[in-house]
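Q: Predicted model and sequence follow; I will ask about them next.
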Amino acid sequence: MPKFAEVLVNRSRTYTYGVPEALASVLQIGSAVEVPLRNNVTVGYVMDFVPRPEFPTKDIVGLKQDTPVFDTNLLLTARWMAEYYRCGLPAALKTILPKK
């Protein structure tokens, strides 16, 4: 299982975080996770799993909910929208994700 994940934080930027052993089997693309950012813990969304980066990382703190917020197909659609309409991926995701 991958040990590092790209996480979209604050619907604006992705950061690389380590995946703890306890979460390795349950994390999926689209999972809502709690991650450390500066001196706070904030919610982010797993966008991809990546190989070990060349820089130090912090670990994901926990899982925010049991089921993913979006799946791989919805992410592919958002990436297409971002490219086609020349907007950022966070804006495309915000458009297609259900409102809470």
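A: Perfect, I can see it now.
Q: pLDDT on stretch 71-82, on average?
A: Averaged across stretch 71-82, pLDDT comes to 93.
Q: What segments of this protein are strands?
A: In the chain, strands defined by DSSP state E lie at 4-9, 13-18, 32-37, 40-50, 62-63, listed in chain order.
Q: ok, and what's touching the last one?
A: Strand 62-63 is contacted from outside by 23, 26-27, 31-34, using Cβ atoms under 8 Å, 6 or more residues apart in numbering. From N, CA and C alone the C-beta is placed, and that goes for glycine too.
Q: gap between that strand and the chain center?
A: For strand 62-63, the distance between its averaged C-alpha position and the chain's averaged C-alpha position is 12 Å (Cα atoms, centre = their mean, to the nearest Å).
Q: do you know which of the strands of the chain lies nearest W80?
A: With Cβ to Cβ, the closest approach to W80 among these belongs to strand 40-50: 14.7 Å.
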